[in-house]
Every structure is written in structure tokens, then in C-alpha cells.
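Student: predicted model and sequence below, questions to follow.
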Amino acid sequence: MSDSNRVLIIGGGPVGALAGYSLARRGIPVIVFDRLAEPARDHRAATLQPSTLDLFAPIGLVDKVIERGLVSSHFQWRDGETDAIVAEFDHGCLADVSAHPFVVQLEQHKTIQIILEAAEKLPDFTVLRPVDVMAVRQSADRVEADIRDTDGRVTTHTGTYMLGCDGGRSIVRHATSVTFEGFTWEERFNVLTTKTDFAAIKNFRYRNYCAHPTRWAAVFKVPGDDGLGLWRAVFPARAEETDAQVMSDGWIHDRFDEFLPGRPEIKVEHRNMYAVHQRVAGSFREGRFILAGDAAHINNPLGGMGMNSGFQDALNAADKLEMIWNGAAPEPLLDLYDRQRRLTALEFVQAQSIANKKTLEENDREARQVGLDRMRRTAEDPVACHAFLMRSSLIAMVQRAEEIA
Ligand SMILES: Cc1cc2nc3c(=O)[nH]c(=O)nc-3n(C[C@H](O)[C@H](O)[C@H](O)COP(=O)(O)OP(=O)(O)OC[C@H]3O[C@@H](n4cnc5c(N)ncnc54)[C@H](O)[C@@H]3O)c2cc1C
């Protein structure tokens with residue numbers, strides 16, 4: 001086998017790591033390139049959905065994820081004005097379709113670490129980091145990536161296919177004619193972490209959404225570095241508020257004061273601000289370049305779907321590449337990847353994450369009540385609740401993709 005008979009994976013975030021692991025397990029040589037010396041420890045994905053746990057089980061990843069994470073069967077919707085619990089959803093009702101009718105709360109960098117620990121045992125898996133991918137190219141029969149290492153040396157790596165798993169600003173996508181249409185929300189999301197136990201104060205579950213006309217909040221628990229638990233609160237920053245204001249102690253104090261009135265000062269461990277977008281690539285494939293994860297689609301994080309759907313991309317692309325690699329299928333099979341993943345990204349992740357945000361922030365009193373009443377009725381009706389959780393857990397997304405020919 002020639003040195004260039006391999007798949008180049010640009011980006012070793014959760015999606016690139018999983019794509020690399022999945023391909024190497026099938027005996028397909030991969031090199032994953034990432035500019036970071038180790039996975040970023042910022043406060044992004046926290047929730048692994050039942051659909052992901054089901055996909056992780058047969059590839060030997062689920063036990064470690066459950067062991068290191070927090071298992072949570074329920075999530076809450078609250079009326080942030082009255083603090084009433086409007087709806088509690090119980091993933092337990094998915095036991096008829098999932099071997100994992102619960103979510104696992106685990107920091108993104110720990111999930112990546114679990115994937116890499118498994119991948120690095122495989123002879124066909126190589127990760128190069130920290131290296132910057134400077135440029136990528138493709139021709140009729142190969143792909144190339146120019147890599148700069150920390151000494152400034154530039155080398156060119158070749159392969160037969162390239163997976164662009166390099167996030168929202170993907171250099172791979174930029175090297176194609178593929179569009180990235182959609183929009184950016186006016187607000188940014190400020191993610192604050194604290195060791196203060198919100199469950200003890202407010203009877204929260206590990207995932208909670210508090211609807212409010214101006215100051216909604218999403219609140220989650222993750223294990224934290226000491227395993228004792230770290231709570232994350234996500235608050236919206238209005239367009240007219242500057243970054244400096246939003247990151248200031250005063251702004252943060254005011255948000256917690258509104259959210260938990262009368263409580264002693266909350267000690268904040270981390271603060272991270274994110275711009276929030278809804279965009280989907282016009283195609284998930286151009287020639288030998290395949291886009292996956294945030295390189296192909298980005299969405300607001302309400303509902304915990306971006307990384308989870310990216311994992312589905314990674315495994316779907318690996319299935320197709322394996323068949324092409326082994327001569328069991330012609331290359332146009334990659335067009336099926338595009339159809340399956342692009343359509344479902346629109347139908348599930350974009351639709352649900354936008355709906356979640358609108359319900360959370362609705363400021364028209366009547367419309368707000370309608371939205372919350374709908375949530376309450378959905379949670380109370382077993383059939384409606386099952387259908388809602390099939391969508392929100394992205395199990396229906398996996399099923400829908402399989403139907404697309
Ligand atoms: C606040 C917040 C909360 C979230 N919560 C959830 C959640 O609970 N559940 C969920 O499913 N999703 C969630 N998400 C979304 C999730 O974080 C993303 O969907 C996920 O990180 C996408 O993974 P990825 O591997 O596609 O891209 P990324 O995580 O962006 O990884 C891309 C990698 O590529 C590397 N890279 C990029 N360009 C280059 C280059 N030129 N050279 C070398 N390396 C490069 C980067 O260093 C990085 O490691 C959340 C996002 C935010 C902002």
C-alpha cells in the first residue's frame with residue numbers, strides 16, 4: 001500500500017476523532033491533523049444523546065462514557081417568570097427503541113479523550129498535533145494538505161479522500177465552491193460555570209431550560225475536574241451589550257441575582273462567550289472532500305444536538321468510505337452521504353434548535369403561554385412525549401437518514 005493510500009482528516013475535535021477511530025477500526029489508514037496540542041477545554045458540548053450512546057455501544061465507547069459522565073434520564077422546562085416547572089421529560093419512555101434511554105452529561109474534551117484513547121491503540125490511526133493545516137487541494141485521484149509544524153516547517157501530506165472536520169470556519173469547506181447559508185443570531189451566549197449546586201437550590205435536573213421574555217437561561221450539570229460536579233448556566237447577551245460588559249463581574253452578578261434572587265454571591269469558575277449561528281453547507285461533499293460536524297452545519301446549542309449529529313456524520317461517512325475502499329461500492333455513494341446527512345441536519349438539528357430557542361425567549365405573553373402549554377401537554381401525553389423525545393434525542397434522525405436513498 002502506498003503512503004498516500006489513506007484518508008486525511010482535518011480537525012481532531014469530537015467529529016474528526018470519531019471519524020478517525022471508526023475508519024482505523026475498519027483497517028483504513030488515517031491521519032488526523034489538529035492545531036491544538038490537546039483537545040480544547042472550553043465549555044461546549046455537555047450532553048451525549050441516547051442516539052449517540054446507541055452508536056457508541058457497538059464500537060466500544062459507551063462504557064467509558066457512562067463511567068466518566070453523569071447519567072440523567074430527565075430534563076426540565078420551566079417558566080422563568082414564575083419559576084414553575086412546566087414540563088419534565090423522561091427519556092425512560094425510549095426504552096422500546098434505545099438500549100440507553102438516558103443522556104450522559106460529560107464535557108466535550110473528555111469525550112474526545114475517550115475516543116482518542118481507543119483510537120491510539122489502532123495501528124492504522126495517527127494523529128499529528130499541534131500542526132496547522134495551511135492549505136488543502138484535490139485532483140482527480142488524490143487529496144493534499146500542507147501542514148505547518150510548531151517550528152514553522154511546512155510539509156505536504158497526500159491521501160485518497162479528505163474529511164473536513166475542522167469546525168465552523170473549515171478550511172476544507174473554504175477550498176470548495178460549497179456555500180454555508182443561514183444566519184447568525186444577534187445575541188451571543190455567555191456560558192458561566194460554578195460549583196454552586198443548583199439542584200439543591202431549585203430542584204433542578206441535570207438539564208434545564210428556563211423560558212423568560214428577556215432573560216432566559218439554560219442550566220446543566222457536568223462532572224467537573226474533581227468529579228464533584230460543575231454547573232453551567234447559559235445566559236443570552238443582548239446585541240447592544242459589549243463583550244466587556246457581558247464578561248464583567250457586574251453583568252454576571254446581575255444575571256445570577258435575577259436567576260436566583262436572594263442567594264449569596266455565586267462564585268464563577270469560568271466564563272466563555274459564543275457567537276451563535278444557524279448554517280448548513282450547500283453540499284456535504286465535493287469531489288474527494290467530505291464535510292462533517294460543524295464544518296458542515298452549525299446551530300445554537302439549545303437541545304444539545306451539534307456534536308451528536310456530527311457523530312452521526314462521522315459514522316455515516318466511515319460506512320461509505322469503507323465500502324468504496326473495499327471496492328464494494330462506487331464513489332457516487334458519497335452523494336448518498338450528502339443527501340442523508342444534509343437533509344436530516346435541516347429537518348432535525350436546525351428545526352429543533354431554532355424551535356427550542358424561540359420557545360425559550362418568546363416575549364409575547366400570549367405566544368409564550370401557548371408554547372409552554374404545548375410543552376406541558378407534550379410531556380404529559382405518552383404518545384406525544386415519545387415522538388418529541390425521538391426527535392430531540394436524534395434517534396429519529398438516524399432512522400430518517402436510513403430511509404433516504
Ligand atoms: C456553548 C455550547 C454548548 C454546546 N453544547 C452541546 C451539547 O450539549 N451537545 C452537542 O451535541 N453539541 C453541543 N455544542 C456544539 C458542539 O460543541 C459542536 O457541534 C462540536 O464541537 C463540533 O465538533 P467538530 O469536531 O465538528 O468541530 P470542533 O469541535 O470545532 O473541532 C474542530 C477541530 O479542528 C481543529 N482545526 C480547525 N481548523 C484547523 C486547521 N486549519 N488546522 C488544524 N486544526 C484545525 C480545531 O483545533 C478543533 O480541534 C455546543 C456548542 C456550544 C458553543
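Tutor: Looks like it arrived, so ask away.
Student: show residues contacting stretch 221-232.
Tutor: With contacts defined as C-beta atoms under 8 Å, 6 or more residues apart in numbering, stretch 221-232 is touched by 43, 46, 68-70, 72, 105-107, 110, 191-199, 204, 206-207, 219-220, 269. Placement of C-beta: from N, CA and C, glycine included.
Student: run the last query once more with 6 Å
Tutor: Applying C-beta atoms under 6 Å, 6 or more residues apart in numbering, the contact partners of stretch 221-232 are 43, 46, 70, 105, 107, 191, 193-194, 198, 206, 220.
Student: doesn't Asn272 fall inside a strand?
Tutor: Yes - membership of Asn272 in a strand is supported by DSSP: H, G, I helix; E, B strand; the rest coil.
Student: and the contacts of stretch 221-232 as a markdown table, adding pLDDT, distance to the ligand and secondary structure?
Tutor: As requested, the contacts of stretch 221-232 are exported to a markdown table (pLDDT from 0 to 100; distance: C-beta to the nearest ligand atom, whole Å; DSSP: H, G, I helix; E, B strand; the rest coil):
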| residue | pLDDT | distance to the ligand | secondary structure |
| --- | --- | --- | --- |
| His43 | 92 | 6 | coil |
| Ala46 | 95 | 4 | coil |
| Leu70 | 98 | 13 | strand |
| Gln105 | 98 | 8 | strand |
| Glu107 | 98 | 10 | coil |
| Val191 | 97 | 5 | strand |
| Thr193 | 97 | 11 | strand |
| Thr194 | 96 | 15 | strand |
| Phe198 | 91 | 17 | helix |
| Tyr206 | 96 | 11 | coil |
| Phe220 | 96 | 7 | strand |
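Student: out of those residues, which are buried?
Tutor: Neighbour-count burial (16 or more other C-beta atoms under 10 Å) applied to these gives 43, 46, 70, 105, 107, 191, 193-194, 198, 206, 220.
Student: out of the residues you listed, which one sits closest to Asn308?
Tutor: Among the buried ones among the contacts of stretch 221-232, Ala46 lies closest to Asn308 (C-beta to C-beta), at 11.0 Å.
Student: residues contacting the closest one?
Tutor: 105, 220, 222.
Student: ok, now how distant is whichever residue of the stretch 301-405 of the chain sits closest to the ligand from His297?
Tutor: Here the stretch 301-405 of the chain gets closest to the ligand at one residue, Gly306, 2.7 Å apart by C-beta to the nearest ligand atom. According to C-beta to C-beta, to the nearest Å, Gly306 and His297 sit 8 Å apart.
Student: need the longest helix for this protein.
Tutor: helix 306-325 (DSSP state H).
Student: the contacts of Ala46 into a markdown table, with extra columns for distance to Gly229?
Tutor: Output for the contacts of Ala46, formatted as a markdown table (distance: C-beta to C-beta, whole Å):
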| residue | distance to Gly229 |
| --- | --- |
| Gln105 | 9 |
| Phe220 | 11 |
| Val222 | 8 |
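Student: so where is the stretch 1-150 of the chain shaky, pLDDT-wise?
Tutor: Counting by pLDDT under 70, the stretch 1-150 of the chain contains low-confidence ranges at 1-3.
Student: pull up the residues of it that are close to the ligand.
Tutor: By the rule C-beta under 6 Å from any ligand atom, the part of the stretch 1-150 of the chain lying against the ligand is 11-16, 33-36, 44-47, 108, 132-133.
Student: ok, Gly306 and His297, which is more surrounded?
Tutor: Taking other C-beta atoms under 10 Å, Gly306 and His297 do not tie; His297 has more neighbours (29 against 22).
Student: now the phi/psi pair for that one, please.
Tutor: phi -160, psi 140 (degrees, to the nearest 10).
Student: if I look at it, how far off is Leu321?
Tutor: 19 Å.
Student: check Glu331 too.
Tutor: For Glu331 relative to Leu321 (C-beta to C-beta), the value is 10 Å.
Student: could you do Val131 as well?
Tutor: From Val131 over to Leu321 (counting by C-beta to C-beta), the distance is 23 Å.
Student: the more surrounded of the two?
Tutor: Leu321 (26 against 21).
Student: spell out which parts of the stretch 151-300 of the chain neighbour the ligand.
Tutor: Counting by C-beta under 6 Å from any ligand atom, the residues of the stretch 151-300 of the chain near the ligand are 165-167, 171, 189, 191, 274, 293-294.
Student: please repeat the previous calculation with a cut-off of 5 Å.
Tutor: Contact residues (C-beta under 5 Å from any ligand atom) of the stretch 151-300 of the chain with the ligand: 166-167, 171, 191, 274, 293-294.
Student: among the residues you listed, which ones are in helices?
Tutor: Those of those lying in helices (DSSP H): Ile171.
Student: can you pick out the most distant pair from the residues of the stretch 151-300 of the chain next to the ligand?
Tutor: Most distant of those, by C-beta to C-beta, are Ile171 and Val191, 25.8 Å apart.
Student: skipping adjacent residues, who's closest to the residue nearest the centre of the chain in space?
Tutor: Closest to where the C-alpha atoms of the chain average out (C-alpha atoms, centre = their mean) is Met307, at 1.9 Å. Closest residue to Met307 apart from its sequence neighbours, by C-beta to C-beta, 6 or more residues apart in numbering: Ala45 at 4.0 Å.
Student: circling back to that earlier point, just the buried subset of the residues of the stretch 1-150 of the chain next to the ligand, please.
Tutor: Among those, the ones that count as buried by 16+ other C-beta under 10 Å are 11-16, 33-35, 44-47, 108, 133.
Student: from these, which is closest to Glu380?
Tutor: Among those, and counting by C-beta to C-beta, the member closest to Glu380 is Thr47, at 23.3 Å.
Student: phi, psi of that closest one?
Tutor: Here is the backbone geometry of Thr47 (degrees, to the nearest 10): phi -110, psi 130.
Student: excluding its backbone neighbours, what's nearest it?
Tutor: Using C-beta to C-beta, 6+ apart, the nearest residue to Thr47 is Gly304, at 3.4 Å.
Student: pop out the phi and psi values for that neighbour.
Tutor: Here the main-chain torsion angles of Gly304 (degrees, to the nearest 10) amount to phi 60, psi 60.
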